[in-house]
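Colleague: prediction below, plus the sequence it came from.
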Amino acid sequence: MAVSDHVDLPTFIEGVKRRNPGQPEFVQAVQEVAEDIFDFIQDKEEYHKYQILRRIAEPDRVISFRVCWEDDNGNIRVQRGWRVQNNNAIGPYKGGIRFHPSVTESVLKFLAFEQTFKNALTGLPMGGGKGGANFNPKGKSDNEVMRFCQSLMTELYRHVGADVDVPAGDIGVGAREIGYMFGQYKRITNEFTGVLTGKGLEYGGSLIRTEATGYGAVYFMKNMLETQKNSIEGKKVVISGSGNVATHAAEKINQLGGKVLTLSDSEGFVYDPEGISEEKVNWVKAHKTKRRGRISDYAKEFKGAEFHAGQTPWGVPCDLALPCATQNELLGPDADKLLANGCIAVSEGANMPTNLDGVHKFKAAGILYAPGKAANAGGVAVSGLEMSQNSARISWKEEELQRLLVDIMQGIHDRCVEYGGRPGSKVTDYVRGANIAGFKKVADAMLAYGVV
Ligand code: NDP
């Protein structure tokens with residue numbers, strides 16, 4: 001046994017901080033996983049000897065590049081693009097592309113790290129990656145977005161490929177952006193391969209990919225409640241965000257008989273005591289995508305609804321909460337409010353929306369709490385199915401894909417239960433379960449490869 005192998009958790013985290021200066025999101029994500037993994041590998045000598053956790057927490061590579069484009073006024077604009085390829089032990093790198101002014105290397109490294117565990121949890125052969133740019137698509141014309149996407153892909157194409165790295169959408173990257181990027185990839189390489197997922201149905205996309213993340217997060221909530229002989233029917237539900245994940249989560253909650261009270265965006269949240277019905281959700285979808293509008297307009301459109309500027313929705317009394325906007329949007333004091341108001345379950349549609357303080361509070365309270373890497377894995381799972389369909393050049397029917405999504409979410413839930421049992425408690429520690437189940441699969445593949 002090498003002397004350095006058995007460092008304690010604080011020393012390990014100090015090392016991560018030292019090697020990744022100025023990258024708080026990445027350190028936070030590693031710490032959240034390491035807290036569980038240290039305990040799990042205590043008596044498992046091989047994982048120590050081969051420094052598995054240390055290696056997973058060091059991306060295979062980080063590619064950063066300049067993205068230069070011209071706006072509609074003829075100004076030359078310069079952005080930075082990245083692709084973080086974290087780990088391909090169990091399959092090609094896979095993970096979304098994010099366009100948002102808050103994107104940094106730290107944010108993308110945290111997302112690629114989380115993605116590695118999430119993808120392993122789905123049971124499909126996908127490694128972990130993530131990419132993006134500090135580009136703000138808000139307020140840009142379609143032509144500006146097209147020029148930006150083309151410029152980004154002109155560099156990115158050499159680092160991705162159907163068997164190498166398969167990006168998808170994320171914040172700020174939807175069907176329009178995927179179309180522009182796929183078009184440019186095809187033009188440069190003269191190849192029609194499944195290099196991106198989330199494609200339009202006309203050119204190799206899969207049915208239910210758009211709905212899959214939000215629906216999956218609700219299925220996970222349903223699965224957790226069922227362990228307590230409970231259900232979504234009749235529950236009051238608070239949701240943050242109003243993008244792809246949030247609106248589809250709201251749609252599925254309505255279908256399963258719950259009442260959605262809130263949605264939000266980066267300017268504030270709307271509270272509708274009457275409930276945000278499927279019809280109202282459809283209005284939000286159209287407003288945010290086609291009209292590229294703001295959630296505040298909801299309160300002007302629907303009587304009785306209130307807009308709360310600059311606030312998050314966690315103070316609204318509810319039974320269930322689904323954070324579906326962005327990282328670190330639910331802090332320790334927000335967790336306190338939810339718990340004080342009687343919230344019994346939280347399922348994360350977003351990636352790392354709850355900060356470490358909030359995670360510790362949910363765990364200590366023993367509520368049903370599903371971390372994003374488990375609860376929002378439905379999207380990447382259907383992306384995995386899109387890859388299979390592209391390879392075989394076939395399209396599966398909607399019913400088949402819906403059934404597979406339900407099965408995959410149930411499988412992820414059950415893997416979390418297997419590894420997240422708490423002695424003396426009937427409530428699973430889903431964070432621990434997800435971390436260990438995801439880690440074990442990747443770690444065992446890495447052991448098989450030796451030191452590479
Ligand atoms: P969208 O771009 O469709 O929507 C993002 C939503 O979050 C918008 O309402 C946006 O508001 C809000 N938001 C973004 N940044 C902030 C911020 N800094 N503060 C407050 N609100 C913010 O993205 P998605 O719905 O696709 O993604 C949401 C989350 O789900 C992300 O964490 C993403 O990583 C995660 N996820 C997405 C998957 C997918 O399939 N799309 C898969 C798995 C996880 P505004 O309009 O004001 O910007």
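Modeller: It's in. Residues are numbered from 1 along each chain as shown.

Colleague: in the chain, which residue sits nearest the ligand?
Modeller: Nearest residue of the chain to the ligand: Gly243, at 1.8 Å (Cβ to the nearest ligand atom). Heads up, the C-betas are built off the backbone N, CA and C, glycines and all.

Colleague: find the nearest non-adjacent residue to that residue, please.
Modeller: Closest residue to Gly243 apart from its sequence neighbours, by Cβ to Cβ, 6 or more residues apart in numbering: Lys288 at 6.5 Å.

Colleague: list the contacts of that neighbour.
Modeller: Residues near Lys288 by Cβ atoms under 8 Å, 6 or more residues apart in numbering: 242-243, 247, 265, 295.

Colleague: residues of the stretch 301-450 of the chain that sit close to the ligand?
Modeller: By Cβ under 6 Å from any ligand atom, the residues of the stretch 301-450 of the chain that approach the ligand are 324-326, 329, 349-351, 376, 379.

Colleague: mind listing which of those residues are in helices?
Modeller: Counted as lying in helices by DSSP state H, out of these, are Gly379.

Colleague: looking at the residues of the stretch 301-450 of the chain next to the ligand, which is nearest Ala365?
Modeller: Glu329 (19.1 Å; Cβ to Cβ).

Colleague: quick one, grab the pLDDT at that closest one.
Modeller: Looking at Glu329, its pLDDT reads 98.

Colleague: Asn355: neighbour count?
Modeller: Asn355: 19 surrounding residues under other Cβ atoms under 10 Å.

Colleague: give me the pLDDT for the spatially most central residue of the chain.
Modeller: For the chain, Asn351 is the residue whose C-alpha lies nearest the centre (Cα atoms, centre = their mean; 4.1 Å). pLDDT, Asn351: 95.

Colleague: the one 10 residues further on now?
Modeller: Predicted confidence (pLDDT) at Lys361: the value is 98.

Colleague: how about Gln311: what's its closest non-neighbour residue?
Modeller: Per Cβ to Cβ, 6+ apart, closest to Gln311 is Gly268, 5.6 Å.

Colleague: report all helices and strands that the lengthiest strand in the chain contacts.
Modeller: Assignment by DSSP state E gives strand 76-87 as the longest strand of the chain. Secondary-structure packing of strand 76-87 (3 or more Cβ pairs under 8 Å, 6 or more residues apart in numbering; DSSP states H and E): strand 61-70, strand 93-99, helix 105-121, strand 128-133, helix 142-156, strand 165-168.

Colleague: rerun at 6 Å
Modeller: strand 61-70, helix 105-121, strand 128-133 (3 or more Cβ pairs under 6 Å, 6 or more residues apart in numbering; DSSP states H and E).

Colleague: could I get the ones you listed as JSON lines with mean neighbour count and mean pLDDT?
Modeller: Listed next are the helices and strands packed on strand 76-87 as JSON lines, based on neighbours: other Cβ atoms under 10 Å; pLDDT from 0 to 100:
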{"stretch": "strand 61-70", "mean neighbour count": "15", "mean pLDDT": "98"}
{"stretch": "helix 105-121", "mean neighbour count": "27", "mean pLDDT": "98"}
{"stretch": "strand 128-133", "mean neighbour count": "30", "mean pLDDT": "98"}
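
Colleague: let's have these in a markdown table, adding distance to the ligand.
Modeller: A markdown table is the format used below for those (distance: least, Cβ to the nearest ligand atom, whole Å):
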| stretch | distance to the ligand |
| --- | --- |
| strand 61-70 | 18 |
| helix 105-121 | 7 |
| strand 128-133 | 9 |
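
Colleague: looking at these, spot the one closest to Asn254.
Modeller: Comparing these by Cβ to Cβ, helix 105-121 comes nearest, at 25.9 Å.

Colleague: and the contacts of the closest one?
Modeller: 23, 25-26, 29, 82, 84, 86-87, 94-95, 126, 128-130, 132, 351, 373-374, 377, 380, 412, 437-438, 441-442 (Cβ atoms under 6 Å, 6 or more residues apart in numbering).

Colleague: show me which of the residues you listed are buried.
Modeller: 23, 25-26, 29, 82, 84, 86-87, 94-95, 126, 128-130, 132, 351, 373-374, 377, 380, 412, 437-438, 441-442 (16 or more other Cβ atoms under 10 Å).

Colleague: I figured the residue nearest to Gln311 hits His308, correct?
Modeller: Yes: between Gly268 and His308 there is a contact at 5.2 Å, judged by Cβ atoms under 6 Å.

Colleague: longest single helix anywhere in the protein?
Modeller: Per DSSP H, the chain has its longest helix at helix 398-420.

Colleague: between which two of the residues of the stretch 301-450 of the chain next to the ligand is the distance greatest?
Modeller: Those two in those that are separated most widely, counting by Cβ to Cβ, are Glu329 and Gly379, at 18.2 Å.

Colleague: so which of the two has more stuff around it?
Modeller: Gly379 (30 against 22).

Colleague: so who does that one touch?
Modeller: Gly379 neighbours (Cβ under 6 Å, 6+ apart): 212-213.

Colleague: and the gap between it and Ile97?
Modeller: Counting by Cβ to Cβ, to the nearest Å, the gap from Gly379 to Ile97 is 13 Å.

Colleague: so where's the stretch 151-300 of the chain uncertain?
Modeller: Of all residues in the stretch 151-300 of the chain, none has pLDDT under 70.
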